[in-house]
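*Asks:* Fold the following for me, if possible:
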Amino acid sequence: MTETLALKYRPKTLDELVGQESIKTALSNAIKDDKLGKTLLFSGIRGTGKTSTARILAASINCLNVEKPTINPCGKCRSCQGINTGTDMDVIEKDIADDPSVDGVREISQNILSSPISRKRIYILDEVHQWSKSAQGAALKLLEEPPSHALFILCTTEPQKLLDTIRSRCIHFPFKAVGNDQIAGHLQYIIEVENITIEESAVKLLVNLSGGSLRDCLSLLDRVRLETPPITTAKIYSAVNAIPENLIMDLIEVITEGNIVLALEKVELITAEEGFTPQEVTNKGLSLLTEIYKLKAGYPNDKLIISDKERATKLAENLDNFTLNCLIQSLNEAHKNIQYAGEKKAIWLEVAVLNLMMEIGKL
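*Replies:* Numbers count the residues shown, from 1 in each chain. The predicted model follows:
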């Protein structure tokens with residue numbers, strides 16, 4: 001079975017971690033100075049490297065080919081390989097969503113007492129915000145005075161759901177969304193190594209759709225590379241069932257031209273024939289108009305979330321600030337109305353299009 005790109009290119013050392021420079025520096029210094037503490041909290045959106053960093057940290061501490069913890073684990077010893085495959089006896093990964101009860105915490109409390117074969121017994125606990133209230137109370141007692149040979153690494157996408165008393169007992173490392181430039185650089189490296197044929201605009205679209213999650217970006221690349229080469233923006237939009245940018249561009253253009261018949265035909269094409277919901281149309285329209293506004297204001301081109309910048313530039317040149325602002329405000333109001341329109345969402349979208357044309361004086 002083919003290994004996924006996210007697993008194949010999962011970082012093995014702190015140096016390989018993408019987009020978390022301050023965390024890399026802090027953890028490297030903590031390892032060198034032996035100041036890690038006993039409970040760490042890794043928080044952030046999915047796919048930013050929380051559990052990967054936890055594994056790297058575990059290998060750095062328990063690597064058998066060095067005399068003390070290192071920032072460069074060998075990756076070859078029994079401990080390093082066991083951590084990489086999830087079979088090491090001293091590094092236990094648990095998804096709290098599988099057992100969020102107090103009994104799960106009690107089991108950890110009992111198992112943590114036994115001495116490790118390596119330097120430390122390390123628990124990597126994922127999705128800890130899923131703990132029940134009673135489980136959090138039990139976890140608090142466990143984290144107050146853990147054994148000297150223990151290290152807990154708590155990972156979560158929602159740290160605010162943890163008790164304040166639990167958070168206060170942790171050294172907190174908030175993982176930020178990975179920047180588009182950093183994702184693009186890593187993605188380009190993988191594309192070259194894997195010899196993937198992909199259009200430049202498609203690479204940019206993959207980055208834009210990632211939402212700061214490197215893993216999501218690689219998962220999407222895994223999906224679209226199953227298509228017949230080359231990978232194009234159209235194939236990516238189809239894979240994620242997202243409205244192609246050109247369809248919304250078409251709709252905005254005919255609205256600003258004041259062509260009522262063609263505008264309503266475009267709405268029917270996008271909803272009835274292509275199968276996208278009115279909310280998806282208004283949401284994509286708002287996103288695209290916002291990017292056009294940024295383009296008009298001189299925002300750097302490489303930071304814009306637009307695939308066809310040439311066409312967007314022409315739109316920006318043809319729309320003054322007042323018109324753009326009217327379109328955005330009216331579309332935002334339409335988006336809210338459609339949310340509560342029940343079975344009449346399609347009609348409300350048509351009404352919204354007519355209102356947009358009226359607002360900008362084209363009706």
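*Asks:* Quick check, pLDDT for the residue positioned nearest the centre of the chain.
*Replies:* Centrality entry for the chain: nearest residue to the mean C-alpha point is residue 213, 2.7 Å, by Cα atoms, centre = their mean. Residue 213 is assigned 96 on the pLDDT scale.
*Asks:* From residue 177, how far out is the closest residue to it other than its chain neighbours?
*Replies:* With Cβ to Cβ, 6 or more residues apart in numbering as the criterion, residue 213 has its nearest non-adjacent residue at 3.1 Å, and that residue is residue 47. To be clear about C-beta, it is placed using only N, CA and C from the backbone, and glycine gets the same treatment. Remark: distance between residue 47 and residue 177 (Cβ to Cβ, to the nearest Å) = 9 Å.
*Asks:* Repeat that for residue 143.
*Replies:* On the measure of Cβ to Cβ, residue 143 and residue 177 end up 28 Å apart.
*Asks:* quick one: the strands in the stretch 251-363 of the chain?
*Replies:* Taking DSSP state E, counting those that start in this stretch as the criterion, the stretch 251-363 of the chain carries no strands.
*Asks:* Which parts of it are helices?
*Replies:* Counting by DSSP state H, counting those that start in this stretch, the stretch 251-363 of the chain has helices at residues 260-268, 278-296, 309-318, 321-339, 345-359.
*Asks:* need the contact list for the closest residue to residue 290 other than its chain neighbours.
*Replies:* In this structure, residue 290 finds its nearest non-sequential neighbour in residue 328, 6.7 Å apart by Cβ to Cβ, 6+ apart. The contact partners of residue 328, taken as Cβ atoms under 8 Å, 6 or more residues apart in numbering, are 286, 289, 290, 293.
*Asks:* Could you save these as JSON lines and add columns showing pLDDT, distance to residue 247 and neighbour count?
*Replies:* Below are these laid out as JSON lines (pLDDT from 0 to 100; distance: Cβ to Cβ, whole Å; neighbours: other Cβ atoms under 10 Å):
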{"residue": "286", "pLDDT": "94", "distance to residue 247": "15", "neighbour count": "17"}
{"residue": "289", "pLDDT": "94", "distance to residue 247": "14", "neighbour count": "20"}
{"residue": "290", "pLDDT": "94", "distance to residue 247": "17", "neighbour count": "16"}
{"residue": "293", "pLDDT": "92", "distance to residue 247": "20", "neighbour count": "17"}
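*Asks:* Kindly indicate which of those lies nearest residue 84.
*Replies:* Among the contacts of residue 328, residue 290 lies closest to residue 84 (Cβ to Cβ), at 42.4 Å.
*Asks:* quick one: that closest one from residue 264, how far?
*Replies:* On the measure of Cβ to Cβ, residue 290 and residue 264 end up 24 Å apart.
*Asks:* go on, residue 272?
*Replies:* Distance, residue 272 to residue 264, by Cβ to Cβ: 11 Å.
*Asks:* Between the two, tell me which one has more neighbours.
*Replies:* Neighbours were tallied for residue 272 and for residue 264 using other Cβ atoms under 10 Å; the higher tally belongs to residue 264 (15 against 10).
*Asks:* thought the more buried one was touching residue 352?
*Replies:* No - at 11.3 Å, residue 264 and residue 352 do not qualify as touching, with contact defined as Cβ atoms under 8 Å.
*Asks:* quick one: which of residue 143 and residue 177 has more around it?
*Replies:* Taking neighbours as other Cβ under 10 Å, residue 143 and residue 177 compare with residue 143 leading, 19 against 16.
*Asks:* Could you give the number of residues near residue 43?
*Replies:* Number of residues near residue 43 (other Cβ under 10 Å) recorded here: 22.
*Asks:* What pLDDT does the model give it?
*Replies:* So residue 43 comes in at 98 (pLDDT).
*Asks:* Now do the contacts for the closest residue to it other than its chain neighbours.
*Replies:* In this structure, residue 43 finds its nearest non-sequential neighbour in residue 159, 4.0 Å apart by Cβ to Cβ, 6+ apart. Counting by Cβ under 8 Å, 6+ apart, residue 159 touches 41, 43, 129, 167, 172, 174.
*Asks:* follow-up on the earlier one: between residue 47 and residue 177, what contacts are shared?
*Replies:* 212, 213.
*Asks:* thinking again about what came up before, host element of the residue nearest to residue 213?
*Replies:* Using DSSP states H and E, residue 47 sits in no helix or strand.
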